[in-house]
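Engineer: can't give you the sequence, but here's the structure:
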C-alpha cells in the first residue's frame, strides 16, 4: 500500500500540486464499556480503516478521504479537484514551514495491550468498582473504560514516511446523589497519569478502590452542605479543575489558527494578537506554561504530528510573559508574514487530525503548568486567609475569544485563616482570563503536580474530538468571584 | 444503491440466522462535502464518503455491539463484525432488564426529504453561493469566515426478528457565514438550513449581514452595566436553549437518573409561559425527520408542552426497557422539535429594531458555549456573540460588548416570556462530530423575555 500511495503522491506532484500527503490508517480500534448502576449498558467495540489525502495547490488545500482503498486514483483526484476550486479564493497563499524528511516509527509506551485483555477481565474490573460505589446516598454510579489503538502511516511528497502505533486507556468512576431539595451532585475520579506507560497496567484496582471510597464520602458531604457563598475569595484550584482551566484559557487561547482567525465560524477566536508575543503579561511571574509533547504517559504525546514534525517541548508563557503558541507548519509561516517578524522558528509540531477522514489542524499537545515554589497543598492553604478549594469539573463556559470564563465545580471547601472549615455545594467561579492569571499568587511544588488527560476536546469543522493531556500543579488565584 | 444496501442487510441477517445469533444491523452512509472559509479564503475544501455498520448482538439479557467503517463490497468484513459482536455478547454481563429487539411489521422506506440536486451540489455552486451572499461586504479588514456543508445521509436497519427493513434517505445543507473585523474583532453572522436546493437563498443571508454590518461598522461599542434586561433572543439562541432542554428536560432517561429539571409530578401542570408550545413533529421535512423510530414505531406530531403545560416525557427504548415504561417513538438519531410561533408580527432584525418599545431591549442572536451549571435547576450559562444589539427605548441602537447570561430554563421559557414572533425559522443544529446526522429545530424568529439578569459584562466583543 505504501508503494501505491507514493506513486499517487508523485502523480499529483507531476500534475502541479505543491505538496501532497497521505495518512493511511490500516487499523483504528476502540473498546468502550460502561456500567451504570450495575448494568453493563454499553459493551461496544469499533474498527475502522482508510486513508485521508491532503493536497496543496496554488496556495490552497484540498482534502478527500475514504475507507475504500480500491480506487486510489479517484480519491487523490478528488482531493486535487477540491484544492483547485479552493485556489480560486485565496487571500494568503499557504506556505509550509521548512522541515526535515523523516523516516521513523513511534510506539506509545505500554506494557499490556488493553486489546489483548479479555472482555471478562474488563467487566470484572468495572463490576468491582461498581460494588465499591454502591453505598448509601448514591443514586447513580458509573464505571467506565475506553481503550483506543491506532496505527497511522504518514507519507508525504517531501520524503517523509512515519509509522505511529498508539494505545490509550481512559478509565473513570463517578457517583451522583440528590440533596434534600432534589438537586443532583456528583463526584468523579479519573486517575492522574502515573508511571511512564499508557496500557492496561495503568488501571490500578487499589488506587480506584481508595478513590471510590473517597468520592462517595465527598459526594455525601456535598449533599449535606450549604450553598457556596456569593463573594470574592482566593480560589485554590486542585489539578482536577486546574487542568480544565489551563485547557480552556491557555490551551485554546494559544492555538495559532484561532489567533489568526481560522476558527471564527465555530469555535471562536482568541484575545491574543500577534503583537502580544513577547509583550503580553499573560499572568503573574509565577506562571510558566509549556506545550510539551514529550511527556511519555500522556495522550498529548504522539511522536510526530500529522505534518511529520517531531514532538517538542515549547515554552508558551515564561514567568508570566507570552512567548509561544500551539503551532503547525502552515500557521507559523502566515503568522510570521503577517507580523513582519519571525515570531515562530518553525512548526511546533501540533498539527493533528482525529481520524483518517479529518484534516489536521492545530491541537493541544500536553499544555502544562510548571510546578512552583509555594510548597504543598497544605502549605498553600495555611497561607490563605479567605479562600475556597475547588475540584472536579461540573460545567465550563468560555467567551468566544477565551477572554472570560465561568466554571462550576463538583465540590468546594471554604478556607478561613489558613484552615479548611467546611464543604460547600454548587460552587462556581468566573473571571477574565488575563486578570485571573495575573492574580496567580501561589503555585504548588512537584508534590501537587499531576498529569490529567482530556479525551474529548472538540474543535474544527468538520468537528474533531482529540485526546491530550495537562500536567498541572495546585494553583491559587486571588480576588475571584465565586458563587454566581 | 438502495437495493444493494437492503440486499446487504438481508445477507447479513441470513448469516446471523445461520450462526444462531440474535442481532440488529444499523447501516449509515454519508456523502459529506464541506467548504470552509476563513480570512476571506477557502481554508478547507473536503469531502468524505463513509459507510458505517453497527451490529448489536443479543443473548437473553446480554447485549454487545461492534461498529465498523466499511464498504458495500466488503460483505466478508461485515460478517466478521457479526462474529466479533457474537463473541462479545457471550462474555457480556446480563442487564437487570430485558432489552427489546425491534420487530418490524413491514418494510418501510422514506426518501421524501431527499433532493438529489442539493446532495450533489458542485464545488462551483458552493463557491458561487458564498460569493453572492457576501458580495460587496468584505473589505481589507472585514473578513469572511463560514461553512457550506451539504451532503446526503442514508440510514437503514434490519434485525433477526423479521425480514423487513427500514430505509431513510435525506439531503441537507447548513450554511453559516461570519463577517469579522480583523482589528476590532467584532463578528456578525447569518445562517441558513436547507433540505432541498430551492431553500437556498444567498440574497436573504446578504440582507441580514448587510444590516448588521452597517450597525457594527458605524456604531461605537459599549460595555453595558450589569443588571436586569428585557432580552430578545434570536432563532439560533432559542434553538440552542431548546437543544439543551431536550437533553436535560423532557427526556425520560434523564428524569430517572436525576439529570432533569422536570419531575413526574409536573406532568399535566403548567411549567412554562402559556405562549410556549413545543411539539416533536416528524412531518416537518425541514427537520430531516424520522417518521418511524429505530424500533419501527410510527412517529407523528407529539406534544411535549401545550400552552406551557407539560404533556409528556420522551422515552428512548433502552430507557423505557430499564424503567418499565411504554416507549414513545423516540428511539431516533434526532427529534423534530418545533416551538410554535406566537403573535408578534416581527420577521426580520430590521423589523425588530424598528418596533416601538417602552424599555431598552437587549438583542442576543447567538449564545456561545452554553453549558449546564446545575441540571436539576435547569441553570445554564453562555455568552452573547455574533451581532448582539442594545435597542434603546429612545429608538437608538447601541452595539454592546459580549455579556454572560446565567439563567434557569424555567425562567427563560417561563412567565417572563413577553412574546414570541409569529414567524418561524429553521435553525440547523447539526454537529459534524462522528457520523453525519443532519438536525434542525423550528423556532420563532424572536422571543422576548423580560427581566433576565446579566451576570458578567465584558470589554470586548
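Structural biologist: All right, it came through fine. All values derive from a computational prediction rather than experimental measurement.
Engineer: Identify each buried residue in the one helix or strand residue A:29 maps to, please.
Structural biologist: Using DSSP states H and E, residue A:29 sits within strand A:19-36. Buried residues in strand A:19-36, counting neighbours by 16 or more other C-beta atoms under 10 Å in any protein chain shown, are found at A:19-25, A:28-36. Where you see a C-beta, it was placed from the backbone N, CA and C, and this is true even at glycine.
Engineer: After it, which helix or strand is next? Please name it.
Structural biologist: Next in sequence after strand A:19-36, counting helices and strands by DSSP H and E, comes strand A:39-57.
Engineer: so what secondary structure elements neighbour that next one?
Structural biologist: When contacts are defined as 3 or more C-beta pairs under 8 Å, 6 or more residues apart in numbering or on different chains; DSSP states H and E, strand A:39-57 sits against helix A:2-14, strand A:19-36, strand A:60-66, helix A:72-86, helix A:119-133, strand B:62-70, helix B:75-91.
Engineer: and the longest helix seen in chain A, anywhere near chain B?
Structural biologist: When chain A is parsed with DSSP state H, its longest helix is helix A:205-223. No - using C-beta under 8 Å from any C-beta of the partner chain, helix A:205-223 stays clear of chain B, with a minimum separation of 11.6 Å.
Engineer: Report the rounded mean pLDDT for that helix.
Structural biologist: Here helix A:205-223 scores 97 as its mean pLDDT.
Engineer: what is the orientation angle of it with helix A:119-133?
Structural biologist: For helix A:205-223 against helix A:119-133, the angle by axes from the mean of the first three to the mean of the last three C-alpha atoms, to 10 degrees is 40 degrees.
Engineer: residues contacting residue 362?
Structural biologist: You didn't say which chain, so I picked chain A. A:255-258, A:326-328, A:331, A:350-351 (C-beta atoms under 8 Å, 6 or more residues apart in numbering or on different chains).
Engineer: To clarify, I was referring to chain B.
Structural biologist: Residue B:362 makes contacts with B:224, B:229-232, B:388-391, B:400, B:403, B:454, as judged by C-beta under 8 Å, 6+ apart.
Engineer: near chain A, from those residues?
Structural biologist: Of those, not one also sits near chain A (C-beta under 8 Å from any C-beta).
Engineer: For chain A, state which of the residues you listed is nearest.
Structural biologist: Distance to chain A across the contacts of residue B:362 (C-beta to the nearest C-beta) is lowest for residue B:403, with 9.9 Å.
Engineer: how about the longest helix of chain A: buried residues?
Structural biologist: For helix A:205-223, by 16+ other C-beta under 10 Å, it's A:208, A:211-212, A:215-216, A:218-223.
Engineer: Just checking the distance from it to the centre of its chain.
Structural biologist: 25 Å (C-alpha atoms, centre = their mean, to the nearest Å).
Engineer: Repeat that for stretch A:194-211.
Structural biologist: Distance of stretch A:194-211 from its chain centroid, counting by C-alpha atoms, centre = their mean, is 20 Å.
Engineer: Can you check the distance spanned by that stretch, start to finish?
Structural biologist: Distance across stretch A:194-211, first residue to last, is 15 Å (C-alpha to C-alpha, to the nearest Å).
Engineer: What lies in contact with that stretch?
Structural biologist: A:108-114, A:116-117, A:125, A:128-129, A:132, A:145, A:147, A:167-169, A:171, A:173, A:189, A:191, A:193, A:296-299.
Engineer: Separate out the buried members of those.
Structural biologist: The neighbour count (16+ other C-beta under 10 Å) marks A:108, A:110, A:114, A:117, A:125, A:129, A:132, A:145, A:147, A:167-169, A:171, A:173, A:189, A:191, A:193, A:297-299 as buried among those.
Engineer: which parts of the stretch 301-450 of chain B sit against chain A?
Structural biologist: So the stretch 301-450 of chain B meets chain A at B:318, B:322, B:368-377, B:381-383, B:385, B:402, B:404, B:406, B:431-433 (C-beta under 8 Å from any C-beta).
Engineer: my guess is residue B:254 meets residue B:247, correct?
Structural biologist: Yes - the pair residue B:254 / residue B:247 is scored as a contact, 6.9 Å apart, by C-beta atoms under 8 Å.
Engineer: Which one's more surrounded, these two?
Structural biologist: Remark: of residue B:254 and residue B:247, residue B:254 carries more neighbours, 21 against 14, as counted by other C-beta atoms under 10 Å in any protein chain shown.
Engineer: Excluding chain neighbours, what is closest to the more buried one?
Structural biologist: residue B:260 (4.4 Å; C-beta to C-beta, 6 or more residues apart in numbering or on different chains).
Engineer: Show the contacting residues for the residue in the stretch 201-350 of chain B that chain A sits nearest to.
Structural biologist: Across the stretch 201-350 of chain B, the shortest distance to chain A (C-beta to the nearest C-beta) belongs to residue B:258, at 4.5 Å. For residue B:258, the contacting residues are A:139-140, A:176, A:178, A:184, B:376, by C-beta under 8 Å, 6+ apart.
Engineer: What about contact with chain A: does stretch B:7-24 have any residue there?
Structural biologist: No - figure legend: stretch B:7-24 not in contact with chain A (C-beta under 8 Å from any C-beta); closest approach 13.3 Å.
Engineer: Buried residues in that stretch, which are they?
Structural biologist: Buried, per 16+ other C-beta under 10 Å, within stretch B:7-24: B:8-9, B:12-13, B:15-16, B:21-24.
Engineer: what's the answer for stretch A:416-431, then?
Structural biologist: So, applying 16+ other C-beta under 10 Å, buried residues of stretch A:416-431: A:420, A:423-431.
Engineer: show me where pLDDT drops low in the stretch 351-484 of chain A?
Structural biologist: Counting by pLDDT under 70, the stretch 351-484 of chain A shows no low-confidence range.
Engineer: which stretches of it form helices?
Structural biologist: A:377-382, A:433-438 (DSSP state H, counting those that start in this stretch).
Engineer: Of all these, which one comes closest to chain B?
Structural biologist: Checked against C-beta to the nearest C-beta, the stretch from these lying closest is helix A:433-438, at 10.5 Å.
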